[in-house]
Every structure is written in C-alpha cells, then in structure tokens.
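**Student:** Pasting the sequence and the predicted coordinates here, then a few questions.
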Amino acid sequence: MSVPKKRVKWTNWSRNVKAAPDYYHFPKSVSDIQDVVNSCRIRGVSLRVTGAAHSFSPIAKPESDAMSLDNLRGLISYDSEAMEVRLWGGTYLHEAAPILAAIGLGFENMGDIQEQTIAGAVSTGTHGTGIALGSLSSQVVAWTWVDGKGEIQYHRRSQDDLSKALSLSLGMLGVLIDVTIKAVPLYSLQMKSYRSTLGNALAEWSSGIRDNRHLEWFYFPGTDTVQVKETNITPLHKQTLQSKTVEFMKNGLIENAGFKVISELCRVKPSMSRMLTTISAKSVPNGSKRGMYYEVFPSPRLVKFIETEYAIPLHAFEACIEEIHGFLRAHPFYVHFPIECRVTAGENAFLSPTQGEETAFLAFHMYKGMDAGPYFKWVHMLMEKYNGRPHFGKVNDLTNEKMRQLYPNLQRFMEIRQQYDPKSVFMTNYLQSIFRI
Amino acid sequence: MKEAEAAYAHLTRPFACIDLEALDRNIAFVNKSSGKKGVRIATKSVRSVELLQYIGQRLDSPAGWMTFDLRETLFLLEKGFNDLLLGYPQFEEHALMHLIPFIREGRTVIFMVDRIEQWEWLESIAKQNEVLLEICIDINVSSNFKILYFGTNRSSLKSIAKLKSLLEAGSLFTHTPITGLMGYEAQIAGVADIPVARWQSALVKPLKRLSRKDVRNFRKSAVNIIREKSPSFRFVNGGGSGSIDFTSGEEEVTELTIGSAFYFPALFSRYQNLPLETAATFALRITRMPEPGVIVCHGGGYIASGATGIDKNPVPIWPKNLTFLKNEGAGEVQTPLRDKNGTLQVGDTVYFRHAKAGELCERFSELHARRGSEYVGTYKTYRGEGGCFL
C-alpha cells in the first residue's frame, strides 16, 4: 500500500477550479488502487482521479479523496499484428506517442494538446479534428478498471451497452487502470496553414472537411479572417531539432509567443480587444509544418485561457458560424482568442456529445484574467438554438434538466453506473448535480 | 460411509480423510450464505496448503486469508499466497523480519493490534526498515452480563473509550496505517446453541439475542471512529462459521472469516441453522475385542483444545452406536469403545470426527480424498510439508 498525502492543494491547468482534498493518493500498483477504492467506500467518501487537470469544468475536482495515477505509466503490452497497444491509464499522451512510434505504431488521431493522461483524455472524450475520425475514446478497444466495489473489471468493446457506457464515462464507472488502443501504422503529417476570408473559407468548407484528413479553423471574432489548417498524411518524416525551433517561433498564431504580449495588452485594456484581434488576424502566417503525426498535432500552449466548447450537428455548422460572425461583428465582446472549429465522426457512446451524428465542434476561449462571463453566457444561449452539447471537460452551464434533454440514454448510462458503483464512490457533488436520475 | 470403506480399503490405518463432495457442498453453502460479503479463510481451520488453494479457488468472493502465526504466514507467502491477515498479535522480531521482503515486493500482510505495546513494536520495526506495516484493530465485542461473561478474554478493547485512547496513543505513528477493524463475535460464533450442560441451553438463546444488539452497536461506533481517523481504512472483518447468518447481515462488515464450516467438525453440530456436512474425518482399525460389546481401536487421543470437557473428544460417527468408556476416553495409542450393536469384528474400521477443524491436521501428514467411492488422492497437511507452527 502507499500512504496518501494530507490536504494537498489541487487546481486545474487554467486555475479556475480549486480544491483541497482531504487525502491525495498515489497508488503504485493495481492492488493499491483497490485498497483506496475500498477505503473510500467503507469511509463513505468520494474518490476522484485527477488526471492531468486539463479540464476547465469541475469534472475532475476532488471533494474528499483524490487520486493520481502518476506511478502507473507506460506500455503494458502490444500486439503488432492486431495493432493493439495496452497502456497504463496514467500515461501522458506526450509519452504515449513516442512509445507507440518505437514499435512502428501511432494514434489514429489526437487533439491539439498532449498534456493529458490517457485515462483522463479517454474519460472526457478528448477529440481532434477529421470528419472520418472519432475521439480518443473511440480508439479504445478494451478497458480495465477498478469498480466501486474494489473489483478489477475488463471489457472488450463490442456493440453492447457496457461499451457505450465505458467509451465516455467521466470516471463514473471506476478508476481506469489501463486502456487498449487500436493503433495505426506510424505516419507523418504535413500541415498547411493559411489565411482566408470567412466567405472563401465557407465556400470551401464542405469539400475541405472531406478532401483533407484533418481540417481546422481559427475564426477571429468579429473580423472576416479565418486561419485554415489542412493536414494530410505524408511520407515518414521526422522533424530536426532546428526546424522545430523555427516552427515554434513562426507557425500558427495562438501558439506564438507574440500572442502572449497581445493577450496581456487585452487584459490590461480590454477595449483594445477588437483592434488587437484585427492585428492578430492579419498576422496569421501562411506556412506549413511537417513531421511525425505527434509532432504536428499538438501545439504548445504559451498563454493560459479558459474555454467552452460545443458539439453541433455538422449540417448546422455554416448557419451557426454565420450567425456567430454576424453577432460578433455588431456586438464585440472583449475577446481576442480565435474560435476553433473542428469536425469529428459520430460516436455511439451514451454520453458522446456527437450522439451518433457527424459533428462540428466550436471552441471559444478567453484569456486568463479577463472576464469570460458575458461572452460565454452568449455562447451558452446561442448553442441551445443549435442543440449544442457541451464538451464535459470545458466550461459549461449543464444542469440535470439539460442533461435529460440532450442525452436520451442518460437513464441507461446511470443504470450501468449504479451496477458498477452501487455505493457511489465516484460520484462527487458536482457530478451528482448534473447526472442524478 | 460404505463409500468411504470402498475408497479407502487399501490404506494403512490410521489415516485422516476428506470427502470432497461434502467439502464442495460446504463451500457452496458458504458462498450462498455469505451474501455479498467477502470471505476470508481461517487457515487454522484448514492447515493444508493444497486444500486452502482448493477452497480459495471455489469461493465467489475470496477476501484473503486469516493466518495464526508469523512463521506460518511466511510459509504461505513462500507458497505464493497474498492478502494475509495475521489474526493474533505476536512479538517475534526475527520471524517478522522474514516477512518484510514480501511486503516490500507488494504482498499484503496485516497485523493485529489491540494494545499500544503491540502497535509501538510494529511501528518501530516498520520505521527501521522503511516499510509500511498495515494494522487491523481487534475490538472485543464480548458481552458482559454481570453475572455471566459471555465471550472471550482476548482483545483488551472492550469499550469505545478504550478504542479511542488506543487511537489517540497511536495517532502520530507514520509507518503503521490502520486498514482494518476486526470484531469477532465469539459469543455468537464460538458458543454452541446446544451446550453440553442442558441447563445452559435455556440461557444461551436469549443471551445470544441480547448480545447481537451489543455487537452491532459497538462495531458501528468503532467503524465510525476509525473511518474519521484513517484514510487507508478499507475493511471490517467479522464473524466465524458459527455466526455466518448474523454477520453476513451486518451492514458495515465487509468480509467474514470462515474456517470450520469447510471441514465441519463435531463441535459445530451443536449449532442450529448450519446445514453443513462432515467433510474431514479419521479412521482407526479395530484390533482387539476384550469382551462382547467392547472393541479396541489402534490409535487415539486427538483431543481438541479449549475449555476441557467431554465435548473436546473426537466423536465416533461410523458405524453407529459407539461410545467411549467413561474410565478410558480416547487413549494415547489405543481407544476402547462400547459397541452397543455388537456387530463389529477385529479388522473393521471406525470413523471419527475431530471436535475442531484444523487440529486434526497436526496429527496426520496427509488427508486422503475421495469423491463418493472413488479414491482421488492425497492433500498434504501443514505437518506433511514439515510445517509445525504452534
């Protein structure tokens, strides 16, 4: 067994959620995890695995006991024929990709940050972009977890209800010890980034999302500018250290150090936001980036922000972005962060924000220290109109009532949760407020 | 027992034996009646590594083992066992040191504590060796009805106040986290419903009922207190084969200790509500007939431990109607018996039950197993593997 630390302060990456769990557990083995779960059950307290704390919502916030899987990282086993890789839940994505590369394999898709643990990323439905591709959760073919009874469970994905519950479970079924990922042969990507007008970008949208493996937009609020990133497979190519440095300096915009300066100016004098957004939009570099997939997907995040993100049906995207553009042009909020637009395939997980449909994800950011209130409030209201379902890991205004409207299979999910965690070890007050039946 | 005779015809007497079909049914009963609780096997009542494994593999919710001695615990660790709760405090430093490498490697061994002296001793060894030694607090849930003390005099923790002062005394210990609480309701699990002295039977039932309430209240409060003090607290152990129905219904209990229910020795026939079957027996050969109606078996003794009384004698179970001679009892090398039916001959075999479960194994190196009339083979006892611990 391992000894927990007492009253360790916990905060998420964006520092908008803070907690002081009574005990912080650092298990070194699966039986340690079982011990902690059993302990929490018999003590009648809740347990939350905190992951890498990259969620903006209180989804990972511990209330009594917290657990870190930091001691359970790395590769457990792999089957190169079936292209399946079994990884400890505490493995960070930035560790996992090189591990896979060493055996000639890769993740089919990744998001734009790689700081999460794989258990956390899978549990919250972390996704990238690509209309033919699903989230990280959908790449999992088997899960091992310790349920609320302290028992080790293993399940392989099929069309059954348990798979649909496990695929995106927010940790409510137990502590995810390891996941088996369906990998693909190692590949490289070429990313093309260019500036476009909203009109041109929209004209090319529907063909663009299908002609490219990945397509991503950064729309600059209230301006007519969109940064488009098109990414496609290219022959294997590893970046040299020098090209990495160059890229770090000039590629993209919100990854850029200069953006930090602009953001600080906006924070100090919010009324400059519109002007600085326009300057930013004009400075979007046209360029390209090439490297191993795990060098191309993620971007460093030099500036801290908070974020809200919604999934809407793909067919509604054009109307939605036009409405956003129309409103933001006329009523500028003090915001300078571009709106990130991505697409994914539909997934059948009970709690998937896609609910089986091809989906557009729109992510709205606000620089840390600036008031996100009015902007996010408007986003929440607008998204109701488009039947938007918020990403569980991002700032949202979900209520129990909304959950029931948006997720027709909520009842079934909660039945399965009850089966694996009858004493509600993994239900925090926050989860209870949204998920109660 | 005709089937036993067929299965064991070729064996040299005396021998000890196990009826696997009866054992299987006893295991099934334990699985059924333990409800959703875990089952921790009391090794003292089995004392055979191979049979411990046999039983462990057939439990629906195995919760580990309750061992009785440090060297025995080491013996089981070396055989690959895990989750061992050493049920009795000890002070053998040399023996404990041998366990530490296994604990370091991740195996779970938990030590029983009811006094600060035991706890301090464990804490100092844990500190010196930079290892964590998990402890389980053993509360004494005996009932004291003034005129009659109902229970055991083992653990010193007879009240919540004593428990609190122990926790207070150990509150700064850093290397001995409390992970469990044990409350063995000996007065329910260890006192037969049908006592040998008939006059007691009128008392036993109401006392058992009263003491159930006592046990429940004491254990509930103890659990609540430890819950607040220890973040590693994870199990509450209760019961024994004799209280399986009561303890499995106790909300805060997470696991039951079960031992005697598997072999079902003679003492346990004095409990009601235990539809178990005799699984372990031993057999002696009749070698003499001093007079009609009296036979003499070669071999004997095998008296069980505890408050000495005739209920600690082994019980001849087959053929029927055999009784001990009052003046001789179960002898050192030979055992005379009165044969009321007068049908037995020199050369025949008599089967006995031991009064207790595991002690039989201290006298034999193996248990011969059968299924019906089919001889299956042997299961070595601890003694058969050179394991002699107490």
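**Tutor:** Alright, I've got the coordinates.

**Student:** So which residues of the chain form helices?
**Tutor:** Since no chain was named, I'll use chain A. Taking DSSP state H as the test, the helices found in chain A are A:30-43, A:93-102, A:118-124, A:161-167, A:198-211, A:241-250, A:257-268, A:273-282, A:293-296, A:317-330, A:373-385, A:400-406, A:410-420, A:429-435.

**Student:** That was the other one, I meant chain B.
**Tutor:** Counting by DSSP H, the helices of chain B are B:2-8, B:20-33, B:49-58, B:70-78, B:93-104, B:116-128, B:160-169, B:186-189, B:198-229, B:244-248, B:260-263.

**Student:** can you tell which of those helices is closest to chain A?
**Tutor:** When those are compared by C-beta to the nearest C-beta, helix B:198-229 sits nearest chain A, at 4.5 Å. The C-beta positions use only the backbone N, C-alpha and C, and glycine is treated the same way.

**Student:** which helices and strands sit right next to the closest one?
**Tutor:** helix A:30-43, strand B:134-139, strand B:143-145, strand B:148-150, helix B:160-169, strand B:178-183, helix B:186-189, strand B:235-238 (3 or more C-beta pairs under 8 Å, 6 or more residues apart in numbering or on different chains; DSSP states H and E).

**Student:** can you give me how far the fifth one is from the chain middle?
**Tutor:** Okay, so that is helix B:160-169. Put simply, helix B:160-169 sits 29 Å off its chain's centre (C-alpha atoms, centre = their mean, to the nearest Å).

**Student:** List the buried residues for it?
**Tutor:** Applying a neighbour-count criterion of 16 or more other C-beta atoms under 10 Å in any protein chain shown, one finds B:162-163, B:166-167 buried in helix B:160-169.

**Student:** what's near enough to touch the residue found closest to B:Arg47 once you drop the neighbours it is linked to in the chain?
**Tutor:** Nearest residue to B:Arg47 in three dimensions, chain neighbours excluded: B:Cys361, at 3.8 Å (C-beta to C-beta, 6 or more residues apart in numbering or on different chains). Counting by C-beta atoms under 8 Å, 6 or more residues apart in numbering or on different chains, B:Cys361 touches B:16, B:46-48, B:367, B:381-383.

**Student:** How about B:Leu96?
**Tutor:** By C-beta under 8 Å, 6+ apart, B:Leu96 lies in contact with B:70, B:90, B:125.

**Student:** how about a cut-off of 10 Å?
**Tutor:** B:Leu96 is in contact with B:70, B:73-74, B:86, B:90, B:103, B:109, B:111, B:121-122, B:125-126, B:129, B:133, counting by C-beta atoms under 10 Å, 6 or more residues apart in numbering or on different chains.

**Student:** where does the closest residue in space to A:Asp32 that isn't next to it in sequence land on pLDDT?
**Tutor:** In space, and not counting its chain neighbours, A:Asp32 is closest to A:Ser2: 5.3 Å by C-beta to C-beta, 6+ apart. Confidence at A:Ser2, expressed as pLDDT, is 80.

**Student:** My read is that A:Ser2 contacts A:Asp70, right?
**Tutor:** No: using C-beta atoms under 10 Å, A:Ser2 makes no contact with A:Asp70, being 11.3 Å away.

**Student:** Quickly list what's touching both of these two.
**Tutor:** Jointly contacting A:Ser2 and A:Asp70 under the rule C-beta under 10 Å, 6+ apart are A:26-28.

**Student:** burial measure for B:Arg285, as a count.
**Tutor:** B:Arg285 has 17 neighbouring residues, counting by other C-beta atoms under 10 Å in any protein chain shown.

**Student:** Verify the stated contact: it with B:Val346.
**Tutor:** Yes: in this structure B:Arg285 lies within contact range of B:Val346 using C-beta under 10 Å: 8.8 Å.

**Student:** what sits in contact with each of the two?
**Tutor:** Common neighbours of B:Arg285 and B:Val346 (C-beta under 10 Å, 6+ apart) are B:Val296.

**Student:** on that earlier part again, could I get the buried residues of helix B:160-169 in TSV, plus columns for distance to B:Glu78?
**Tutor:** TSV is the format used below for the buried residues of helix B:160-169 (distance: C-beta to C-beta, whole Å):
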residue	distance to B:Glu78
B:Lys162	37
B:Leu163	35
B:Leu166	33
B:Leu167	34
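
**Student:** export the helices and strands packed on helix B:198-229 to TSV and tack on mean pLDDT?
**Tutor:** Shown next, in TSV, are these (pLDDT from 0 to 100):
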stretch	mean pLDDT
helix A:30-43	95
strand B:134-139	96
strand B:143-145	66
strand B:148-150	60
helix B:160-169	96
strand B:178-183	95
helix B:186-189	70
strand B:235-238	95
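
**Student:** Ok, which of the ones you listed comes nearest B:Glu5?
**Tutor:** The closest of the helices and strands packed on helix B:198-229 to B:Glu5 is helix B:186-189. By C-beta to C-beta, the value is 34.3 Å.
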